[in-house]
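In: Provide a 3D model corresponding to the input given below.
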Amino acid sequence: MAETEKPLLIKRYASRRLYNTETSDYVTLEDISGFIRDGREVKIVDLKSGDDLTRQYLLQIVADHESRGESVLPINVLTDLVRSYTTQATSVVPQFLAASFEMFRDGQSKWVENMNQINPMAKIPGFEAMQAQQEAFLKAMTAAMPGKTSAPDAEGGEGEDLDAIKKQLAELQTKLNKMGK
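Out: I've put the predicted structure just below:
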């Protein structure tokens, strides 16, 4: 097992202070929450008895976040959780929750993977027109730059480019207005 795959061991001293055994310093619940958000597994044990306190502290972290208004759990879910402690469903609920979160993580990682494989901007209506507009604008700007070696068309092509840009800009603005409604 790789070093990063091992759970981060946190020891709780009699004073209730939490000690990170990897960095040899004291940590807070917020620090532990950050480790978990960063993808680390944690294990919190009582130094004296060796009891695993991870569940207790994870519940405390959830309760702290919920009490600060960072609500993730709707009231009906919390109510159902409380009910599950007093019914025969107690044996089924942990497996159901674990499977649900596993499906959520899998779906989330697949979505991120798909978004990385495609260019989301290409799906936006009018994106190709914006690209063409940008290319025409840059072409017109570089043609007007001092020291540019290429001369404009003998038939006044520079003015035609500007007219084409204005027309494309108006079309693009119309499309963007339609998208915004």
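
In: Can you show me the strands along this structure?
Out: 8-12, 18-20, 25-27, 42-46 (DSSP state E).

In: which ones are touching E22?
Out: L8, L9 (Cβ atoms under 8 Å, 6 or more residues apart in numbering). Where C-beta positions appear, they are placed from N, C-alpha and C, glycine not excepted.

In: Look up how far T87 lies from it.
Out: Distance, E22 to T87, by Cβ to Cβ, to the nearest Å: 41 Å.

In: now do K43
Out: The value you get for K43 to T87, if Cβ to Cβ is used, is 30 Å.

In: So for the two, which sits in the more crowded spot?
Out: Shown here are K43 and T87; by other Cβ atoms under 10 Å, K43 has more neighbours (15 against 11).

In: beta partners for the more buried one?
Out: As for beta bridges, K43 partners with L9 under DSSP bridges.

In: Report the residue ranges of every domain in the chain.
Out: 1-72, 73-117, 121-180 (automatic domain parsing).

In: Go through the helices and strands of the protein and name the one with the lowest mean pLDDT.
Out: Ranking every helix and strand in the chain by mean pLDDT, DSSP states H and E puts helix 127-143 at the bottom, with a mean of 65.

In: Quick one: residues contacting I36.
Out: Contacts of I36 (Cβ under 8 Å, 6+ apart): V42, L58, I61.

In: Now do the same for it: its pLDDT.
Out: We have a pLDDT of 92 for I36.

In: Relative to Q133, how far out is it?
Out: According to Cβ to Cβ, I36 and Q133 sit 46 Å apart.

In: Check G34 too.
Out: 44 Å.

In: out of those two, which sits in the more crowded spot?
Out: Q133 (19 against 12).

In: if I look at the closest residue to that one other than its chain neighbours, how far off is L162?
Out: Using Cβ to Cβ, 6 or more residues apart in numbering and skipping the chain neighbours, the partner closest in space to Q133 is Q168 (4.7 Å). Distance, Q168 to L162, by Cβ to Cβ: 11 Å.

In: ditto for A63
Out: 64 Å.

In: just E30 next, same as before
Out: In terms of Cβ to Cβ, E30 sits 58 Å off from L162.

In: Alright, that wraps it up for me.
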